[in-house]
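**Student:** Here is a sequence together with a model predicted from it:
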Amino acid sequence: PFPGDAEDRLVILPAIEREGPRHFLSSFKLPDKLVFAGQPVPLDNWQVRERIEYEFYQFLEDEGASIILAKRTGRCFPPVEKQLAEAGLPDDLKYMLLVESKCIAAAYSRAKASGPWQFIGSTGKRYKLFSNQWRDDRRSLEMSTEAAIKYLRFLKQDVGDWFLAMAAYNAGEDRIKKLLKEQRVDDYWRMSYVRETMRYVPRIIAAK
């Protein structure tokens, strides 16, 4: 090859100049104490802290997505806060929306869950959310929040606390009760199950 060949093939792009200081993720830290839905999060347990930290840094890693998500909360949180307050449920439950659907009313999953609270058809019907090819009540923020409030209230009574209620929202109450019995535990943080459910509650806490 001739000496000039390699230079002809390589295009050197100028480096993008970042304006302002670069914030490293390590400069953001979880607080020493954290309460969620009135329940203390056991951050003194290193495994619990690490699970929540992992999700916290996942959120921060994609700065653009985090900013968009934060902006969306200005639109979807106020009506949900009002409904939760009127129902006497903890305000923190609104953070489930960020993990369930990223506050997108038209969100639709592979499991055919729909709307901001990601109801599957059968659970939707149980709470009077009607859906067919023309209409889907699950996409209404007000109607699906009303259904989520009823379902979460039922789950809290059924499984015992808000961490377990959120896990049951993700995996189903029968599955969670069976796991607790089999593993002889009564605490979400001591339970083991599939990765999705084990990441679900820490993700919601990290979103807060």
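**Tutor:** Perfect, thanks for sending it.

**Student:** How many residues are close by the residue lying closest to residue 107 once chain neighbours are set aside?
**Tutor:** Distances taken as Cβ to Cβ, 6 or more residues apart in numbering place residue 101 nearest to residue 107, at 3.7 Å, with adjacent residues excluded. For glycine as for every other residue, the C-beta is placed from the backbone atoms N, C-alpha and C. Counted with other Cβ atoms under 10 Å, the neighbours of residue 101 add up to 22.

**Student:** Could I get the full set of helices for this structure?
**Tutor:** 5-9, 46-61, 63-87, 96-100, 121-126, 141-159, 162-171, 173-183, 195-207 (DSSP state H).

**Student:** residue contacts, residue 27?
**Tutor:** By Cβ atoms under 8 Å, 6 or more residues apart in numbering, the contact list for residue 27 is empty.

**Student:** so how far is residue 59 from it?
**Tutor:** As defined by Cβ to Cβ, to the nearest Å, residue 27 lies at a distance of 15 Å from residue 59.

**Student:** need the helices of the chain in a markdown table with mean neighbour count, distance to residue 36 and mean pLDDT, can you?
**Tutor:** Formatted as a markdown table, these follow (neighbours: other Cβ atoms under 10 Å; distance: least, Cβ to Cβ, whole Å; pLDDT from 0 to 100):
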| stretch | mean neighbour count | distance to residue 36 | mean pLDDT |
| --- | --- | --- | --- |
| helix 5-9 | 8 | 55 | 53 |
| helix 46-61 | 16 | 10 | 93 |
| helix 63-87 | 14 | 14 | 93 |
| helix 96-100 | 23 | 11 | 93 |
| helix 121-126 | 15 | 23 | 75 |
| helix 141-159 | 19 | 13 | 93 |
| helix 162-171 | 23 | 7 | 96 |
| helix 173-183 | 15 | 18 | 96 |
| helix 195-207 | 20 | 5 | 95 |
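
**Student:** now those helices in a markdown table, with distance to residue 39?
**Tutor:** A markdown table is the format used below for the helices of the chain (distance: least, Cβ to Cβ, whole Å):
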| stretch | distance to residue 39 |
| --- | --- |
| helix 5-9 | 61 |
| helix 46-61 | 12 |
| helix 63-87 | 16 |
| helix 96-100 | 15 |
| helix 121-126 | 24 |
| helix 141-159 | 11 |
| helix 162-171 | 6 |
| helix 173-183 | 16 |
| helix 195-207 | 10 |
